[in-house]
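S.K.: pasting the structure only:
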DNA sequence: GTGTAAAAAGATATATTATAACATTTTAGG
DNA sequence: CCTAAAATGTTATAATATATCTTTTTACAC
């Protein structure tokens, strides 16, 4: 089991997350002969500003501000598509939003824990679950190609806040 | 493990699926003092015409044809919302589409196997997986409320077709 | 049966998310 | 530098979903 759950849900030096993500991204681009352009890097950086998923139009607004000129939707979606293809970000289907991938090199199919309160998203790779999904698919003669596993609930912090305010 | 996978992927007397689904829906409405209106029943019936997920606007078109008058999106979405709340249908996030639930009474959180070729969707409840998801959440101090588990791949039939045409 | 309040549906407008199509600019490599 | 490919800009529009207000239908009290 591999997860960034602790990092997501506890105070930490977040600049290290961002730098690590950008470094990984550059490595992967180099390895795949892909170009990490200004727009793409900006989108990746924005998605790493927090451990929350951002929608395409939130990214658009922030990009426009960053570049001090209007950025149109296709530009944003192109960058998203590129980063998705390289495995540097994920699409969170239940939110129509996107988030930086903390372990882009792992081939693992991942599981997301989405806080419905604060919007934070932690990612987890769970080999036992993946194995069971594979064998359940096989039993059904279903040829598994990809998966989207999204858990919704409360992150530790939001749960604590909820508990505390209940006691008011 | 409970699944309608065989039913979905093999020829069967589909009218029995539809009738069973409508009967279950009526029971559940009676139990919950909810109204199964014409529109709602029509949407449920349309979603049970096949074992494929339908988008809201596909439903709109089919409803309009069925009632021989234009049906506006809010009407469709209201029916969808109602059926979702009663657990009679599911939303497939990765498709932005909806499908009839084959076991609406079970409290189980379910898993979908989506054929990317023909669009069929089989549903499965897998207690071991659900247990692991719960315990993985607990380990991460994540309070699990709901889940969306969507597997994409090839259903048995489409896989067979693909194999066969490979040999041409 | 009629009146009434609540629920549902109709109607219109618009928000949100995503893509198509074509023009222009930037980039890597010859 | 020149060129082809890649990336981005620009404009328009498709696809999905919701807000708001009006009208109709329904359950049920009387």
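M.R.: Cool, got the structure. Bear in mind the structure is a predicted one, so any value in this text is a computation, not a measurement.

S.K.: Cross-check the contact I'm expecting between residue A:25 and residue A:89.
M.R.: No: with contact defined as C-beta atoms under 8 Å, residue A:25 does not count as touching residue A:89 (9.5 Å). Every residue, glycine included, has its C-beta placed from N, CA and C.

S.K.: Contact partners for the most centrally placed residue in chain A?
M.R.: Nearest residue to the geometric centre of chain A (C-alpha atoms, centre = their mean): residue A:99, 2.6 Å. Neighbour list for residue A:99: A:47, A:51, A:52, A:53, A:54, A:89, A:90, A:92, A:112, A:121, A:123 [criterion: C-beta atoms under 8 Å, 6 or more residues apart in numbering or on different chains].

S.K.: Can you tell me, leaving aside adjacent residues, what's nearest to the second one?
M.R.: Once its chain neighbours are removed from consideration, residue A:51 has its nearest residue in residue A:8; the separation is 4.3 Å (C-beta to C-beta, 6 or more residues apart in numbering or on different chains).

S.K.: Quick one: list the elements packing against whatever helix or strand the one you found lives in.
M.R.: Residue A:8 is part of helix A:5-9 when elements are defined by DSSP states H and E. Where contact means 3 or more C-beta pairs under 8 Å, 6 or more residues apart in numbering or on different chains; DSSP states H and E, helix A:5-9 is packed against strand A:121-125.

S.K.: So is whichever strand or helix holds residue A:84 next to DNA strand D?
M.R.: With elements taken from DSSP H and E, the one containing residue A:84 is helix A:73-85. Yes: using C-beta under 7 Å from any atom of the strand, helix A:73-85 comes into contact with DNA strand D via A:73, A:74, A:75, A:78, A:79, A:82.

S.K.: From these, list the buried ones, please.
M.R.: A:75, A:79, A:82 (16 or more other C-beta atoms under 10 Å in any protein chain shown).

S.K.: Surely the second one and residue A:36 touch.
M.R.: What it means is residue A:79. No: with contact defined as C-beta under 8 Å, residue A:79 does not reach residue A:36; the gap is 10.3 Å.

S.K.: May I have the distance across stretch A:109-119, first residue to last?
M.R.: 21 Å (C-alpha to C-alpha, to the nearest Å).

S.K.: Next to DNA strand C, which bits of chain A? Give me the list.
M.R.: A:35, A:37, A:55, A:56, A:57, A:72, A:73, A:74, A:77, A:81, A:96.

S.K.: rewinding a little: between the very next helix or strand once past the helix holding residue A:8 and helix A:73-85, how big is the angle?
M.R.: Where DSSP H and E defines the elements, the next helix or strand beyond helix A:5-9 is helix A:14-32. Orientation of helix A:14-32 against helix A:73-85 (axes from the mean of the first three to the mean of the last three C-alpha atoms, to 10 degrees) gives an angle of 80 degrees.

S.K.: Helix A:14-32 and DNA strand D in contact?
M.R.: No: using C-beta under 7 Å from any atom of the strand, helix A:14-32 stays clear of DNA strand D, coming no nearer than 9.0 Å.

S.K.: Show the subsequent helix or strand relative to that helix.
M.R.: Heading C-terminal from helix A:14-32 (DSSP H and E), you reach helix A:38-47.

S.K.: That following helix - contacts with which helices or strands?
M.R.: Partner elements for helix A:38-47 (3+ C-beta pairs under 8 Å, 6+ apart): helix A:14-32, helix A:56-67, helix A:73-85, strand A:97-100.
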